[in-house]
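Enquirer: got a predicted structure plus its sequence, pasted below:
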Amino acid sequence: MVTSPSAGDSITAAWAQSVALATGLQTTSDVTTSSASFADFTGLSFTCTSGTNYIIEVIGTYQHSTTTGGPILSFTQPGGSHRIFTQLAGETAADSFVSEVISTNDGGSGVATAAGANTRYVIRAFGSYQCTGSGTAKLRIARNTAGTCTFEKGFMLRVVGA
């Protein structure tokens, strides 16, 4: 748990450790894909340690070049189990969402038919990962059906280990 000491409180080792276990990553430029195969989401990965449980949150925006496709968001890890609840806006209507739970490496089916081409929509995901094999856990992306999907600058991955 990440906490903040009150004014006048001394900073404890437990507080410092909780801050050290929080990781926030954000893209500094757009990331695009025209591939239906999963690829690492550049800049959105973290080193994980066996025996650590992680809480994961993802938020960002995307645009798709056509209405005959959309984004797929996924997760892969070196060992353990994860359950990531994903919401992707823009499936057939601007105010509709696709919701899915990703529990396998490179799982997820994403948005099949974007409501509008070159229109900004939101992606939000959150979940947990119980690490049993140290290494690198990665957010992964692909596009559905056709076209090019742009995951816009500022896409964020926040991870807290406990």
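Expert: Now that the structure is in, tell me what you want to look at.
Enquirer: next up, identify which helix or strand residue 160 is on.
Expert: Counting by DSSP states H and E, the element that carries residue 160 is strand 156-161.
Enquirer: helices or strands up against that strand?
Expert: Contacts defined by 3 or more C-beta pairs under 8 Å, 6 or more residues apart in numbering; DSSP states H and E place strand 156-161 against strand 22-26, strand 39-48, strand 53-64. For every residue, glycine as well, the C-beta is placed using N, CA and C.
Enquirer: and these, which is most packed in?
Expert: strand 53-64 (a mean of 20; mean count of other C-beta atoms under 10 Å).
Enquirer: what angle do strand 39-48 and that one make with each other?
Expert: 160 degrees (axes from the mean of the first three to the mean of the last three C-alpha atoms, to 10 degrees).
Enquirer: is the residue nearest to the spatial centre of the chain bridged to anything, and to what?
Expert: Centroid-nearest residue in the chain, with C-alpha atoms, centre = their mean: residue 58, separated by 3.9 Å. Residue 58 has these beta-bridge partners by DSSP bridges: residue 125, residue 157.
Enquirer: what of residue 40?
Expert: Beta-bridge pairing for residue 40 (DSSP bridges): residue 140.
Enquirer: circling back to that earlier point, output the helices and strands packed on strand 156-161 as CSV; include the columns distance to residue 98.
Expert: Shown next, in CSV, are the helices and strands packed on strand 156-161 (distance: least, C-beta to C-beta, whole Å):
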stretch, distance to residue 98
strand 22-26, 24
strand 39-48, 18
strand 53-64, 12
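Enquirer: make TSV out of the ones you listed and add mean pLDDT.
Expert: TSV is the format used below for those (pLDDT from 0 to 100):
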stretch	mean pLDDT
strand 22-26	82
strand 39-48	94
strand 53-64	95
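Enquirer: what stretches of the chain score poorly on pLDDT?
Expert: 1-22 (pLDDT under 70).
Enquirer: now the helices for it?
Expert: Here the chain has its helices, by DSSP state H, at 13-20.
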